[in-house]
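Participant: Whatever this is, show me its structure:
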Amino acid sequence: MTLDMAGVSLLDTLGAWLLEKLSRRAASSSRSVHVVGIADNFAGLMDEVRQV
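Facilitator: Reported below is the predicted structural model:
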């Protein structure tokens, strides 16, 4: 599954966590989720959530 986030202009911690949870749940089912088009200013938030 590919999620295109190019149109997203705001992303908070809850939104980032939901994306991470979706990715983890897919991975546990031997599937993958690719998040593309996410703005550079959200990269740090996504990295932090991924490490939790």
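Participant: Stretch 30-47: end-to-end distance?
Facilitator: With Cα to Cα, to the nearest Å applied, stretch 30-47 spans 22 Å between its terminal residues.
Participant: list the buried ones in it?
Facilitator: Residues 35, 38, 42, 45-46 are the ones in stretch 30-47 that count as buried (16 or more other Cβ atoms under 10 Å). Where you see a C-beta, it was placed from the backbone N, CA and C, and this is true even at glycine.
Participant: So which of those residues are in helices?
Facilitator: 45-46 (DSSP state H).
Participant: Can you give me the buried ones in the helix ranked longest in the chain?
Facilitator: Secondary structure of the chain per DSSP H: the longest helix is helix 13-28. Buried residues in helix 13-28, counting neighbours by 16+ other Cβ under 10 Å, are found at 15-17, 19-20, 23.
Participant: Run me through the strand neighbours of the lowest-mean-pLDDT helix or strand in the chain, direction for each.
Facilitator: Across the helices and strands of the chain, mean confidence by mean pLDDT, DSSP states H and E is lowest for strand 34-36: a mean of 90. Partners of strand 34-36 in the sheet, by DSSP bridges, are strand 2-4 (parallel).
Participant: From residue 11, how far off is the residue most central in space within the chain?
Facilitator: Residue closest to the average C-alpha location in the chain (Cα atoms, centre = their mean): residue 19, at 3.7 Å. Per Cβ to Cβ, to the nearest Å, residue 19 is found 8 Å from residue 11.
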